[in-house]
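**Q** dropping the sequence and predicted coords here.
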Amino acid sequence: MVKACVCGAAGGIGQPLSLLLKLNPLVTELSLYDVVNALGVAADLSHIASPAQVTGYLPPDNGAEKALKDSDIVIIPAGVPRKPGMTRDDLFINAGICATLAQSIAKACPKAFILVISNPVNSTVPIFAEVLKKAGVYDPKRLLGVSHLDIVRASTFVASVVGKPADAAKYVVPVLGGHSGATILPLLSQSQPSIPSEILNDKEKRDALVNRIQFGGDEVVKAKDGAGSATLSMAQAGAEFAEYVLKAAFGGEKVRTVQAYIDLGADAGGAAVQKEIGADLSFFSVNIQLGPGGVEKILPVGDLDDSEKTLLEAAVKELGPSIEKGVSFQPAPP
Ligand code: NAI
């Protein structure tokens, strides 16, 4: 019996994400929370013939806490998306929404896995951590910033550049760092299958590929021309990542290594990563192994080539202040 809750379920990401969760056989109860239209989305999804029982909740009468009550996993795409010309940092307006949801989670389902999609992920994940710490229920192994769309994009764009676009799902390219522009650190040298050296050693081609992975979100924001940012690809990435967590926690399955933006204090491997990257950042997107309790192990970053070392420097420089912004955010009291 697994209860999943989506906060922001009526939004551009929330709706298709809720649909994909409704279709996941591991989910038996699906709770949808939003400040608008959650009842409509729930009614619609509830007609699909799959095991998950769907209920929608709006804010009145403690709706958030009712929706979250005893959830095993909470996935959060609540908040405002980007419009053309905005960076993810401009979305710090989502800080208050995240803090309030964290307070409700602390009361209603303190042991849930928390998957944060709301931007700016580099700052919103530290906000969740701080609120949960204050409430005395913080488990860094269960708080995961969802950077999985960067990994999905890397597979797709790499496969396309090597001339095998149909093989996108076969390419595994670790993307570490953060989830915003220069903080996104694609490790092309570690791609499996490997990227041919004529591409890796061609500075122009390589820079273009890195840039596309780092700023792929801008392509969508531009194409949607004011109607929002990535929603469908994010919903797919969010549902896929949620499935990894669910399979590791409740499906008894050992899954492959994944990447997520987490507290490096979650496991002893975090200190080793700080040494590898030469910075004492408290949050970083790292290679992790998932297990029944969430982050089971933080794995090394591994070897970087010179080009990746330069990218790492830039990522670290930008990430530090974003983390600090989240850590020092003062939410309204619950
Ligand atoms: P949207 O505006 O379509 O949907 C957001 C939903 O959140 C709306 O239905 C809204 O009513 C709801 N909401 C607002 N305040 C709320 C609250 N206090 N409690 C519950 N729900 C609330 O936006 P979209 O496109 O779905 O994006 C959502 C977030 O996801 C944005 O912050 C966006 O930047 C982020 N995002 C993250 C990505 C990632 O890779 N992590 C990729 C793409 C978007």
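**A** Looks like it came in fine.

**Q** ok, V162 touching S194?
**A** No. Between V162 and S194 there is no contact under CB atoms under 8 Å: 9.5 Å. The way it works is simple: take the backbone N, C-alpha and C, and place the C-beta from them, glycine included.

**Q** and those two? which has more neighbours close in?
**A** Legend: neighbour count by other CB atoms under 10 Å for V162 and S194, higher for V162 (18 against 12).

**Q** mind listing what that one touches?
**A** V162 makes contact with Y171, I195, P196, I199, according to CB atoms under 8 Å, 6 or more residues apart in numbering.

**Q** in JSON lines, list these along with pLDDT and distance to the ligand.
**A** Below are those laid out as JSON lines (pLDDT from 0 to 100; distance: CB to the nearest ligand atom, whole Å):
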{"residue": "Y171", "pLDDT": "97", "distance to the ligand": "19"}
{"residue": "I195", "pLDDT": "97", "distance to the ligand": "23"}
{"residue": "P196", "pLDDT": "97", "distance to the ligand": "28"}
{"residue": "I199", "pLDDT": "96", "distance to the ligand": "25"}
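
**Q** mean confidence for the strand or helix carrying F284?
**A** Assigned by DSSP states H and E, F284 belongs to strand 283-291. Mean pLDDT, strand 283-291: 97.

**Q** what's it packed up against?
**A** The helices and strands touching strand 283-291, judged by 3 or more CB pairs under 8 Å, 6 or more residues apart in numbering; DSSP states H and E, are helix 121-134, strand 175-177, helix 232-250, strand 258-263, helix 269-277, strand 294-298, helix 306-327.

**Q** mind redoing it with 7 Å?
**A** strand 175-177, helix 232-250, strand 258-263, helix 269-277, strand 294-298 (3 or more CB pairs under 7 Å, 6 or more residues apart in numbering; DSSP states H and E).

**Q** smallest gap between the stretch 201-334 of the chain and the ligand, at which residue?
**A** Residue of the stretch 201-334 of the chain nearest the ligand, by CB to the nearest ligand atom: M234 (4.0 Å).

**Q** one more: the chain?
**A** For the chain, CB to the nearest ligand atom, closest residue to the ligand: G11, 2.0 Å.

**Q** coming back round to it: in JSON lines, list the contacts of V162 along with neighbour count and secondary structure.
**A** Shown next, in JSON lines, are the contacts of V162 (neighbours: other CB atoms under 10 Å; DSSP: H, G, I helix; E, B strand; the rest coil):
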{"residue": "Y171", "neighbour count": "22", "secondary structure": "coil"}
{"residue": "I195", "neighbour count": "21", "secondary structure": "coil"}
{"residue": "P196", "neighbour count": "12", "secondary structure": "coil"}
{"residue": "I199", "neighbour count": "15", "secondary structure": "helix"}
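
**Q** now the strands for the stretch 51-200 of the chain?
**A** Taking DSSP state E, counting those that start in this stretch as the test, the strands found in the stretch 51-200 of the chain are 53-57, 73-76, 113-116, 143-145, 175-177, 184-186.

**Q** the chain against the ligand: which residues are in contact?
**A** 7-8, 10-14, 33-36, 77-82, 91, 94, 97, 100, 117-119, 121, 146, 149, 179, 228-231, 234 (CB under 6 Å from any ligand atom).

**Q** so which of those residues are in helices?
**A** Of these, the ones assigned to helices by DSSP state H are G14, I97, T100, V121, L149, M234.

**Q** farthest pair within these?
**A** Farthest apart among those by CB to CB are T100 and L149. That separation is 24.3 Å.

**Q** give me the more crowded residue out of those two.
**A** Higher neighbour count among T100 and L149: L149, with 23 against 17, using other CB under 10 Å.

**Q** may I have the predicted confidence score for the more buried one?
**A** At L149, pLDDT is 98.

**Q** now swap in the one 4 residues further on and tell me
**A** According to the prediction, R153 has pLDDT 98.

**Q** what's the neighbour count on it?
**A** 26.

**Q** please apply the same query to E219.
**A** When neighbours are counted by other CB under 10 Å, E219 registers 12.

**Q** shouldn't it be within a helix?
**A** Yes. Checked against DSSP: H, G, I helix; E, B strand; the rest coil, E219 lies within a helix.

**Q** the closest residue to it other than its chain neighbours: which element?
**A** The spatial neighbour of E219 that comes closest, neighbours along the chain excluded (CB to CB, 6 or more residues apart in numbering), is R212 at 7.9 Å. Element membership for R212, per DSSP H and E: helix 203-214.

**Q** again, but for A43
**A** helix 38-46.

**Q** just the buried residues of that helix, please?
**A** A38, V41, A42, D44, L45 (16 or more other CB atoms under 10 Å).

**Q** what comes into contact with that helix?
**A** By CB atoms under 7 Å, 6 or more residues apart in numbering, the residues outside helix 38-46 that reach it are A9, A10, Q15, S18, L19, K22, L32, V54, T55, G56, Y57, L58.
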